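[1] Any chance you can model this:
(one chain, ligands or ions: 3)
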Amino acid sequence: MKNPAPIWSREAAQALYDLPLMDLLFRAQSVHRENFDPNKIQTSKLLSIKTGGCAEDCAYCSQSARNGSKLSASKLIEVQRVLAEARKARDGGATRFCMGAAWREPKDRDMDALVAMVEGVRDMGMETCMTLGMLDDNQVIRLRDAGLDYYNHNIDTSERYYSEVITTRTFADRIETMNRVQEAGIKVCSGGILGMGEEVRDRVDMLVTLANMNPAPDSVPINMLMPQEDTPLADAKPIDPIDFVRIIAVARIMMPQSYVRLSAGRSDMSEELQAMCFFAGANSMFVGETLLTAENPEEDTDAVLFAKLGLQAETTAEKSCLDAAE
Ligand code: SAM
Ligand code: DTB
Ligand code: SF4
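    Numbers count the residues shown, from 1 in each chain. Ligands and ions are numbered 1, 2, ... in the order given. Reported below is the predicted structural model:
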């Protein structure tokens, strides 16, 4: 049984963030070693199963119809195509397959195909993850019964800053879907984006919200904004890399048992920055040349980085041992 997690105040979280960097990194790495093998990185592969034409107005996203982006809207892709991609990902060593759709919420007529995708990927021995927007109770139950392991639903930023980024839904809508997913027994994957013009306090508040969920999300993706042409955030000022590392370290300390994912933006990061993020406690990443629509480092590039750092991709078997030891 996991111990009940402590409640984090924003003052305590901010105090961590304000530590001298060496003290913060030392604490984060110490917490990391108590909970994980520090040389193992979980790898996930993303696939966009429905691209573009989204009804929401997320200011960072290339897929919003409201951003006037040039990306054309696709239909939900066929189950067989998804399974063929999943097989390639598994053969390439990924242990989790994440399927993402540019929807405000799925339509009931799509549910049979979504269920078939989850069942098919699961039968290949990979963990399944979906990110489809908001879900109602019925949809959550159907996905759970199909064997969905994780649902990704990011809170993206603080409650205070949320309406600066998205106006077509609220922070509370987001939390509501996450609670529904968690109550049904599906693991939650939730994090956010740094570099959208938010202040440090917004980044810290975002972590406080995540860490105080009961339980905290099993997986916490920290994305660095990848500015997309024709979106309101196309010219956003990039986040200072050391500020980014600090947030990874604070996330690690506040959510000691969660996988912290160094998510979008790695293609613009140096090897040194990625190494610092891993030292700060990031232990998961997306592999493969594309995320949903944006680029990610090539597999060869990641293989060189792993070899230089002495890192290894976690296998499904190692993960099950850790789970069994809880
Ligand atoms: N439509 C679903 C939703 O919004 O929940 C799922 C897909 S959406 C693209 C998943 C997440 O990707 C977003 O919540 C956001 O955190 C991240 N994301 C999207 N565009 C990004 C960008 N340009 N840079 C960094 N992260 C981004
Ligand atoms: C998450 O936090 N990051 C992933 C995943 N969850 C679905 C998506 C990143 C998207 C980056 C922009 C793109 O590919 O369009
Ligand atoms: Fe749609 Fe998701 Fe992009 Fe927002 S982040 S516009 S909900 S695809």
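[2] how much space is there between the nearest residue to residue 305 once chain neighbours are set aside and residue 19?
    With Cβ to Cβ, 6 or more residues apart in numbering as the criterion, residue 305 has its nearest non-adjacent residue at 5.6 Å, and that residue is residue 271. C-beta: built from backbone N, CA, C; applies to glycine. Residue 271 sits 25 Å away from residue 19, going by Cβ to Cβ, to the nearest Å.
[3] Which of the two has more residues huddled nearby?
    The neighbour comparison of residue 271 against residue 19 (other Cβ atoms under 10 Å) goes to residue 19, with 17 against 13.
[4] Contacts only, for the more buried one.
    By Cβ atoms under 8 Å, 6 or more residues apart in numbering, the contact set of residue 19 is residue 27.
[5] Secondary structure of it: a strand, I assume?
    No: under DSSP: H, G, I helix; E, B strand; the rest coil, residue 19 falls outside any strand and is assigned coil.
[6] At the contact with ligand 2, which residues of the stretch 101-250 of the chain appear?
    Listed as neighbours of ligand 2 in the stretch 101-250 of the chain under the rule Cβ under 6 Å from any ligand atom: 131, 152, 154, 191, 221, 223, 226.
[7] Residue 234 in helix, strand or coil?
    Residue 234 - assigned by three-state DSSP - is coil.
[8] Would you mind confirming that it is in contact with residue 226?
    No: applying Cβ atoms under 8 Å, one finds residue 234 not in contact with residue 226, separated by 10.6 Å.
[9] Counting neighbours, go ahead and name the busier of those two.
    residue 226 (21 against 13).
[10] Quick check: that one touching residue 293?
    No: in this structure residue 226 lies outside contact range of residue 293 using Cβ under 8 Å: 9.4 Å.
[11] Going along the chain, name the strands of the chain.
    40-50, 96-101, 127-131, 150-152, 187-189, 192-194, 219-224, 259-262, 284-287, 312-313 (DSSP state E).
[12] now those strands as a markdown table including mean pLDDT, distance to residue 114 and mean neighbour count?
    Formatted as a markdown table, the strands of the chain follow (pLDDT from 0 to 100; distance: least, Cβ to Cβ, whole Å; neighbours: other Cβ atoms under 10 Å):
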| stretch | mean pLDDT | distance to residue 114 | mean neighbour count |
| --- | --- | --- | --- |
| strand 40-50 | 95 | 8 | 22 |
| strand 96-101 | 96 | 8 | 25 |
| strand 127-131 | 97 | 7 | 23 |
| strand 150-152 | 98 | 12 | 25 |
| strand 187-189 | 97 | 17 | 23 |
| strand 192-194 | 98 | 25 | 26 |
| strand 219-224 | 98 | 20 | 25 |
| strand 259-262 | 98 | 23 | 26 |
| strand 284-287 | 96 | 21 | 23 |
| strand 312-313 | 95 | 27 | 16 |
